[in-house]
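Engineer: sequence first, predicted coordinates after that:
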Amino acid sequence: MSTHDSTPARPEQNPPGKTLWGGRFNAGMAPEMIPLNLSLEVDRRLWREDIRGSMAWARALAEAAVISDRECGVLLEGLEQVGARMEREGLSDAPDEDIHSAVERMLHETVGSVAGKLHTGRSRNDQSSTDVRLWGMAAADRVLEALSMLVGALLDMAEQGIDHVMPGYTHLQQGQPIRAAQWALAHAWAFLRDGERVRAARRAASVLPLGSGAVAGCPFPVNREGLRVALGFARVSENSVDAVSDRDWICDLVYAGAMAGMHLSRLGEDLVLFSSTEFGFVRLSDGFSTGSSLMPQKRNPDAAELARGKAGRLAGNLQAILTLLKGLPTGYNRDLQEDKVPLFDTVDTLLLTVPAMAGAVASAAFRPERMLAAMDSQLLATDLADYLVRCGVPFRESHEVVGRLVRRAEDDGVPLAELPASVFHQEHRAFADDVYDVFDWLRSVDARDSDGGTSRRAVVEQMQKARDRLAQG
């Protein structure tokens, strides 16, 4: 192990395309192999994480007396200059195989041969895994922030709909009346669950692989616990073989993204339906709608439709990462170069789509007059059956009686609420003149006063619980 100072040599230019592993080979890479081998176009976004991890590794090598303090200082200063250069110039014309090669080449150009000491005891296997985990933790935080905005918008929309009643649907058929707030809250709870999944993925990502080497661990006495603290990980990986091949956390985050995409799609579908002329329950703002190039009257809910469309992409990313991992032998395999494509695309897609949907929801408005106009008194058929139950009639018998009344109303072409009292009495002697009190929308929703139900008390309590959950993160 080296403990003497090394004076940086004059910066040298590495040959374009120089690899970090060429000493064992007599011939260069075949021209057909070169583009397949490159990953810089994908992993270039990891340059900040690569520099951050490299600086922590340089300090760990110095603490372990593998390099001198002066060499460490030169490497740290050089890495800072590389970072500044990347900020300034980017990597558009870089000839390198991947981001790790690019950073090492630029460091060599900056500080000379001492740059070659930085990779001591480190493999690209644990280096790459560390970089992408650092990126993933920060990305998860950004996704959580976006989901929080969407949940907040849905909760604000629920506040607007607390005293508006709308049809509640099953099988896309009118089922029972609900408060409009209950519909908005149903979507809010789904996205709160998505946030829990993203947080779980972030915890899974927060495991330090650096110091695992290529597969067997590091032969130098680096302090992995110190590395963990310096880089902000929650714990150190337990097994060097598992550390360089574990991509479970990527599956977790991509799965969370696929679920969020599915929930975005369902919200989008509701908004497409409810903003249509046929429903008209919700009006989307101009800022989240588009027009037609041919039909002047059109007002298209494109934000909702695009969100619905992105769900397929997010589900596809989950399928891709699971398929990538399913047949790999133990340890690192080059197939894992493909792990970042579904990860990056999932995060990019969420950060593109979720804020747009949050804006669409925040600027949308309920149209209570349209909701009331659409409501058929058959929505209260269950309330009518409950009326008989309260009179001591078994529910199965009540269900049958009300079913016949609904058919009679349809045959007579009148709303259920407008059937004559004599018809109710003919169907069952338990019906009294107060049966018409059943046909009251607010009375119906407030009768559902169980926790999580549609009564005003239950909905207000539910909104507070959702806000508390959102605040807790």
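Structural biologist: On my side now, so go ahead.
Engineer: my read: Ala315 touches Ala258, true?
Structural biologist: Yes - assessed by CB atoms under 8 Å, Ala315 is found in contact with Ala258 at 4.9 Å. For the C-beta atoms, the positions are set from N, CA and C on the backbone; glycine is no exception.
Engineer: these two: which has the busier surroundings?
Structural biologist: Under the criterion of other CB atoms under 10 Å, the comparison of Ala315 against Ala258 puts Ala258 first, with 24 against 18.
Engineer: which strand or helix spans the closest residue to that one other than its chain neighbours?
Structural biologist: Taking CB to CB, 6 or more residues apart in numbering, and ignoring the residues beside it in sequence, Ala258 has Leu318 as its nearest neighbour in space, at 4.2 Å. With elements taken from DSSP states H and E, the one containing Leu318 is helix 302-325.
Engineer: other SSEs contacting the next helix or strand after that helix?
Structural biologist: Tracing the chain past helix 302-325, the next element assigned as helix or strand by DSSP H and E is helix 340-362. Under the contact criterion of 3 or more CB pairs under 8 Å, 6 or more residues apart in numbering; DSSP states H and E, helix 340-362 touches helix 40-43, helix 124-160, helix 248-274, helix 302-325.
Engineer: pull out the buried residues from helix 340-362.
Structural biologist: Neighbour counts using 16 or more other CB atoms under 10 Å place 340-347, 349-350, 353-354, 356-362 of helix 340-362 among the buried residues.
Engineer: mind checking how far that helix is from the chain centre?
Structural biologist: Counting by CA atoms, centre = their mean, to the nearest Å, helix 340-362 is centred 7 Å from the centre of its parent chain.
Engineer: tell me the angle of that helix relative to helix 302-325?
Structural biologist: Relative orientation of helix 340-362 and helix 302-325, computed by axes from the mean of the first three to the mean of the last three CA atoms, to 10 degrees: 160 degrees.
Engineer: against Tyr387, how distant is the most far-flung residue of the chain relative to its centre?
Structural biologist: Here the chain reaches farthest from its C-alpha mean at Ser422, the gap being 57.2 Å by CA atoms, centre = their mean. Note on Ser422: its distance to Tyr387, by CB to CB, to the nearest Å, is 17 Å.
Engineer: repeat for Pro167
Structural biologist: Looking at Pro167 against Tyr387, where the rule is CB to CB, the gap reads 20 Å.
Engineer: tell me who's in contact with the residue nearest to Ala258.
Structural biologist: By CB atoms under 8 Å, 6 or more residues apart in numbering, the contact list for Leu318 reads Cys251, Val254, Tyr255, Gly257, Ala258, Pro342.
Engineer: rerun at 6 Å
Structural biologist: Leu318 is in contact with Val254, Tyr255, Ala258, counting by CB atoms under 6 Å, 6 or more residues apart in numbering.
Engineer: from those, pick the one nearest Ala186.
Structural biologist: Distances from the contacts of Leu318 to Ala186 were compared by CB to CB; the smallest belongs to Ala258, at 19.6 Å.
Engineer: what distance do you get for the closest one to Leu314?
Structural biologist: With distances taken as CB to CB, Ala258 is found 5 Å from Leu314.
Engineer: check Val438 too.
Structural biologist: In this structure, Val438 and Leu314 are separated by 45 Å, where distance is defined by CB to CB.
Engineer: when the two are compared, which one has more neighbours?
Structural biologist: The residue with the greater number of neighbours, taking Val438 and Leu314 and applying other CB under 10 Å, is Leu314; the counts read 25 against 21.
Engineer: the more buried one and Asp446: what is the separation?
Structural biologist: From Leu314 over to Asp446 the distance is 39 Å, taken as CB to CB.
Engineer: who does Gln176 form a beta bridge with?
Structural biologist: For Gln176, the beta-bridge assignment (DSSP bridges) gives partners Gly168.
Engineer: in this protein, where is pLDDT below threshold?
Structural biologist: In the predicted model, the chain carries pLDDT under 70 at residues 1-27.
Engineer: for it, which residue occupies the most central location?
Structural biologist: Central residue of the chain (CA atoms, centre = their mean): Gly257, at 3.7 Å.
Engineer: now do the contacts for the closest residue to Gly175 other than its chain neighbours.
Structural biologist: Nearest non-adjacent residue to Gly175, counting by CB to CB, 6+ apart: Gly168, 5.1 Å away. In this structure, Gly168 makes contact with Gly175, Gln176, Ile178, judged by CB under 6 Å, 6+ apart.
Engineer: can we see that at 8 Å?
Structural biologist: Neighbour list for Gly168: Gln174, Gly175, Gln176, Pro177, Ile178, Gln182, Trp183, Leu379, Thr454 [criterion: CB under 8 Å, 6+ apart].
Engineer: just the buried members of those?
Structural biologist: In terms of neighbour count (16+ other CB under 10 Å), the buried residues within these are Gln174, Gln176, Pro177, Ile178, Gln182, Trp183, Leu379, Thr454.
Engineer: could I get the residues you listed as TSV with distance to Gln127 and secondary structure?
Structural biologist: What follows is the buried ones among the contacts of Gly168, written out as TSV (distance: CB to CB, whole Å; DSSP: H, G, I helix; E, B strand; the rest coil):
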residue	distance to Gln127	secondary structure
Gln174	59	strand
Gln176	58	strand
Pro177	59	strand
Ile178	54	strand
Gln182	50	helix
Trp183	49	helix
Leu379	62	helix
Thr454	55	coil
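Engineer: want to throw those residues into a markdown table with distance to Asp468?
Structural biologist: Below are the buried ones among the contacts of Gly168 laid out as a markdown table (distance: CB to CB, whole Å):
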| residue | distance to Asp468 |
| --- | --- |
| Gln174 | 33 |
| Gln176 | 28 |
| Pro177 | 27 |
| Ile178 | 22 |
| Gln182 | 18 |
| Trp183 | 21 |
| Leu379 | 32 |
| Thr454 | 20 |
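Engineer: anything in contact with each of Ala258 and Leu314?
Structural biologist: Counting by CB under 8 Å, 6+ apart, the contacts common to Ala258 and Leu314 are Thr346.
Engineer: show me the chain divided up by domain.
Structural biologist: 32-120, 125-373, 376-472 (automatic domain parsing).
Engineer: endpoints of the shortest one, how far apart?
Structural biologist: One end of domain 32-120 to the other measures 31 Å (CA to CA, to the nearest Å).
Engineer: likewise for the last one?
Structural biologist: Chord length of domain 376-472, first to last residue, is 41 Å (CA to CA).
Engineer: same question, stretch 272-291
Structural biologist: The straight-line separation of the ends of stretch 272-291 (CA to CA) is 14 Å.
Engineer: quick one: buried residues of that stretch?
Structural biologist: Going by neighbour count (16+ other CB under 10 Å), the buried part of stretch 272-291 is Val272, Leu273, Phe274, Ser275, Phe279, Phe281, Val282, Arg283, Leu284, Phe288, Ser289.
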